[in-house]
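Participant: Predicted coordinates and the sequence they were generated for:
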Amino acid sequence: MLIVMKFGGTSVGSAERIAQAAALVTAARDKGHHVAAVTSAMSGVTNSLIEAAQAASKGNLDAALRQRLYDRHKAVADAVIQDAAVRSVALEQIDRRLDRFEKLCYGLSMVHELTPRLLDAISGTGEMLAAPLVAGAIAARGRGSSAIDATDCIVTTDQFGGAEPLMDETRAKMQATVRPLIERGESPVLTGFIGATVDGVLTTLGRGGSDYSASIVGAALDADEIWIWTDVDGVLSANPSEVPDARTLAEISYSEASELAYYGAKVLHYKTILPAFRKRIPLRILNSFNPTHSGTRVSVEGDPSIPGVKAVTSIRGVSLITISGTGMQGIPGIVAKAFEVVAEQQSNVLMISQASSENNMCFVITAADAPRVVKALRGTLELELSRGHVEEISAQPVAVVAAIGDRMRGTPGIAATVFGALGSEGINVIAISQGSSERNISLVVGEPEAAPAIRALHRAFRLDRAAVAAK
Ligand code: ADP
Ligand code: ASP
Ligand code: MG
């Protein structure tokens, strides 16, 4: 069986963690499986790279960061790679990458401009620093391994900061570069998060994108399973740092995983599911700190015996855009115009709701996009505003709270429980939306009310208890 194993930032956050990652790879190899690994940057590294790039573009060079990053990675190399020759090759690679990072920052401090393309070139460095260490640690356990830059095998569009894989090109490169290594019995370590355009320009898949990389790699290599090693026991019924009694879900469907990730469960990047789903490759989410736990399995069926809501989640840092006016009724095309504006502004709509009276429509977008979108809407709907058909276009910071489960469909009373739970906590629901798939009810609440809303829903659906299978 070929397993693609992805290690998140905390799972490669120290020498000890990298040794553990290598042990997990070799344990699977000992059982006769082939393994291709995908690694994130060591925890905190991507953030510090991004901060350094932003500061450099304002003329503030962080002269000490290169050394700090070198020292942190060198300490790991010293601890996990015993062979001096292998260690010096890894350190040389790391040094070259840090050199490039330093030069890029210097350039930014000269031109005082940070383009998305340059930001990708810098923020993608962290994975390129980590991969030689993970590969070195696997090799130190007597298993063949080498670090592979995903720029050589994941081909993407040029949407810097959120590039999309070109799967045919990626598959061809992956089969040519990575497949032969696996067939030779090696366990290559690919950099997560990054890829390159057809012209070879480095791109990133978006923050948290190493999960997506793992799914892309799994699909391109026709892997049998994809294992996402993280720092919690799988996908839980809620974010465990927000709801302490959240439980691990043993099995969920691709669609449940996708909805959860889309609505804010950071444990999976929201695009992770699609490449795996297209090839029906099962995904597992596992805890590298507790590897004997069976984690969560993501499959076609999920666990259809569990009725109703399986998990609750939330998205913060979003804004509710409202377009209202008693004269909106019967004026055709306002909705179409509004969404055209949002698309032109390259903003992604997370949720839509419209009152049936048609005198109010609202939708949720990322808060950072809100000022731009409101300004553009006011420009495009100028005529409607001047005639009084539209009275107000406004943005309000909010949170979206979502209750998710495939078997919510056909289970009566869920909306009543949702509103009952929130009502008894005195939480005001600003807008609501339920897709026709009925596997998700999403509610807009004030930002400070997101955490109490999540806890109230978790309690109301008794998600802290083992689910009882439906007869
Ligand atoms: P990694 O570095 O391994 O990619 P992340 O920090 O990106 O890890 O994702 C794991 C974190 O996701 C957990 O530590 C947890 O705080 C958060 N999280 C949010 N919602 C959920 C959920 N429903 N189930 C599990 N973890 C969740
Ligand atoms: N290192 C990248 C980030 O922090 C990607 C990842 O960890 O998934 O966003
Ligand atoms: Mg992550």
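Facilitator: Looks like it arrived, so ask away. Everything numeric here is computed off the predicted structure, so don't read it as measured data. Numbering: from 1, shown residues only. Ligands and ions are numbered 1, 2, ... in the order given.
Participant: how would you label the residue lying closest to residue 369 once chain neighbours are set aside: helix, strand or coil?
Facilitator: Computed as Cβ to Cβ, 6 or more residues apart in numbering, the closest residue to residue 369 that is not its neighbour in sequence is residue 347, at 4.0 Å. C-beta: built from backbone N, CA, C; applies to glycine. The three-state label for residue 347, taken from DSSP: H, G, I helix; E, B strand; the rest coil, comes out as coil.
Participant: what sits against residue 347?
Facilitator: Applying Cβ atoms under 8 Å, 6 or more residues apart in numbering, we find residue 347 in contact with 365-366, 369, 372-373.
Participant: at 7 Å what do you get?
Facilitator: 365-366, 369, 373 (Cβ atoms under 7 Å, 6 or more residues apart in numbering).
Participant: before we move on, what about residue 365?
Facilitator: Taking Cβ under 7 Å, 6+ apart as the definition, contacts of residue 365 comprise 318-319, 321, 342, 347-350, 373.
Participant: gap between the residue of the stretch 201-350 of the chain found nearest ligand 3 and ligand 1?
Facilitator: Proximity of the stretch 201-350 of the chain to ligand 3 (Cβ to the ion) peaks at residue 208, 4.2 Å away. Remark: distance between residue 208 and ligand 1 (Cβ to the nearest ligand atom, to the nearest Å) = 5 Å.
Participant: tell me what whatever helix or strand residue 312 lives in is packed against?
Facilitator: For residue 312, the element it lies in under DSSP states H and E is strand 311-324. In terms of contacts (3 or more Cβ pairs under 7 Å, 6 or more residues apart in numbering; DSSP states H and E), strand 311-324 is packed against strand 360-366, helix 370-380, strand 392-404, helix 450-460.
Participant: returning to what we had before: these two touch, right, the residue of the stretch 201-350 of the chain closest to ligand 3 and residue 269?
Facilitator: Yes. Here residue 208 reaches residue 269: they are 4.5 Å apart, a contact under Cβ atoms under 7 Å.
Participant: Isn't residue 81 up against residue 88?
Facilitator: No. The criterion here is Cβ under 7 Å, and residue 81 misses it with residue 88 at 9.2 Å.
Participant: so what's the residue nearest to residue 219 when sequence neighbours are not counted up against?
Facilitator: Nearest residue to residue 219, sequence neighbours excluded (Cβ to Cβ, 6+ apart): residue 275, at 3.9 Å. Counting by Cβ under 7 Å, 6+ apart, residue 275 touches 215-216, 218-219.
Participant: hmm, 6 Å instead?
Facilitator: Taking Cβ atoms under 6 Å, 6 or more residues apart in numbering, we find residue 275 in contact with 215-216, 219.
Participant: And residue 334, by the same measure?
Facilitator: Here residue 334 is in contact with residue 328 (Cβ under 6 Å, 6+ apart).
Participant: same question, residue 457
Facilitator: Taking Cβ under 6 Å, 6+ apart, one finds 312, 403, 421 in contact with residue 457.
Participant: Give me the contacts around the particular helix or strand that has the last one in it.
Facilitator: Of the helices and strands defined by DSSP H and E, residue 421 is found in helix 414-424. With Cβ under 6 Å, 6+ apart as the test, helix 414-424 has contacts from 408, 429, 441, 453, 456-457, 460.
Participant: okay, who's weakest in these by pLDDT?
Facilitator: Lowest-confidence member of those: residue 408, scoring 89 (pLDDT).
Participant: for that residue, what are its contacts?
Facilitator: 308, 414, 438-439.
Participant: ok, 10 Å please
Facilitator: Applying Cβ atoms under 10 Å, 6 or more residues apart in numbering to residue 408 gives the contacts 256, 307-310, 414-415, 434, 437-441.
Participant: any idea how far it lies from residue 143?
Facilitator: 45 Å (Cβ to Cβ, to the nearest Å).
Participant: Residue 56 now?
Facilitator: 39 Å.
Participant: Compare the two (neighbour count), which wins?
Facilitator: residue 56 (25 against 18; other Cβ atoms under 10 Å).
Participant: Neighbours of the nearest residue to residue 54 once chain neighbours are set aside, how many?
Facilitator: Nearest non-adjacent residue to residue 54, counting by Cβ to Cβ, 6+ apart: residue 114, 6.4 Å away. By the criterion of other Cβ under 10 Å, residue 114 has 17 neighbours.
Participant: what's the pLDDT at residue 114?
Facilitator: 95.
Participant: still on that earlier bit, who touches whichever helix or strand comes after the helix holding residue 421?
Facilitator: Helices and strands here follow DSSP H and E; after helix 414-424, the next one along the chain is strand 431-434. Under the criterion Cβ under 10 Å, 6+ apart, residues 320, 322, 350-355, 360-364, 398, 400, 402-403, 408, 414-415, 418-419, 440-445 lie in contact with strand 431-434.
Participant: Go back to those residues and keep what's next to ligand 1.
Facilitator: Checking the contacts of strand 431-434 against ligand 1 by Cβ under 6 Å from any ligand atom, not one of them is in range.
Participant: In ChimeraX, how would I select the buried members of those?
Facilitator: Restricted to buried positions by 16 or more other Cβ atoms under 10 Å, the ChimeraX selection for the contacts of strand 431-434 reads:
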select :320,322,350,351,353,354,360,361,362,363,364,398,400,402,403,408,414,418,419,440,441,442,443,444,445
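Participant: Now narrow the contacts of strand 431-434 to whatever sits close to ligand 3.
Facilitator: Near ligand 3, judged by Cβ under 5 Å from the ion, there are no entries from the contacts of strand 431-434.
Participant: At the geometric centre of the chain, which residue do we find?
Facilitator: residue 269 (2.0 Å; Cα atoms, centre = their mean).
Participant: if we can go back for a sec, ok, which pair from the contacts of residue 347 is furthest apart?
Facilitator: 366 and 373 (9.4 Å; Cβ to Cβ).
Participant: Next to ligand 3, which bits of this protein? Give me the list.
Facilitator: 8, 208.
Participant: Quick check: residues of the chain near ligand 2?
Facilitator: So the chain meets ligand 2 at 8-9, 40-41, 46, 126, 192-193, 207-210 (Cβ under 6 Å from any ligand atom).
Participant: make it 5 Å
Facilitator: 9, 40-41, 46, 193, 207-208, 210 (Cβ under 5 Å from any ligand atom).
Participant: which of the residues you listed has the most neighbours?
Facilitator: residue 40 (31 neighbours).
Participant: now that one: how far from residue 117?
Facilitator: From residue 40 to residue 117 the distance is 21 Å (Cβ to Cβ).
Participant: Name the nearest residue to the most far-flung residue of the chain relative to its centre, ignoring sequence neighbours.
Facilitator: The C-alpha centroid of the chain is most remote from residue 387, which lies 43.4 Å away (Cα atoms, centre = their mean). Nearest in space to residue 387, with sequence neighbours left out and distances taken as Cβ to Cβ, 6+ apart, is residue 327 at 7.3 Å.
Participant: Surely that neighbour is in contact with residue 391?
Facilitator: Yes. Counting by Cβ atoms under 10 Å, residue 327 touches residue 391, with 7.6 Å between them.
Participant: shared neighbours of the two, anything?
Facilitator: By Cβ under 10 Å, 6+ apart, the residues touching both residue 327 and residue 391 are 359, 384.
Participant: Please list the residues of the stretch 251-400 of the chain that sit near ligand 1.
Facilitator: Counting by Cβ under 5 Å from any ligand atom, the stretch 251-400 of the chain sits next to ligand 1 at 265-267.
Participant: Thanks a lot, see you next time.
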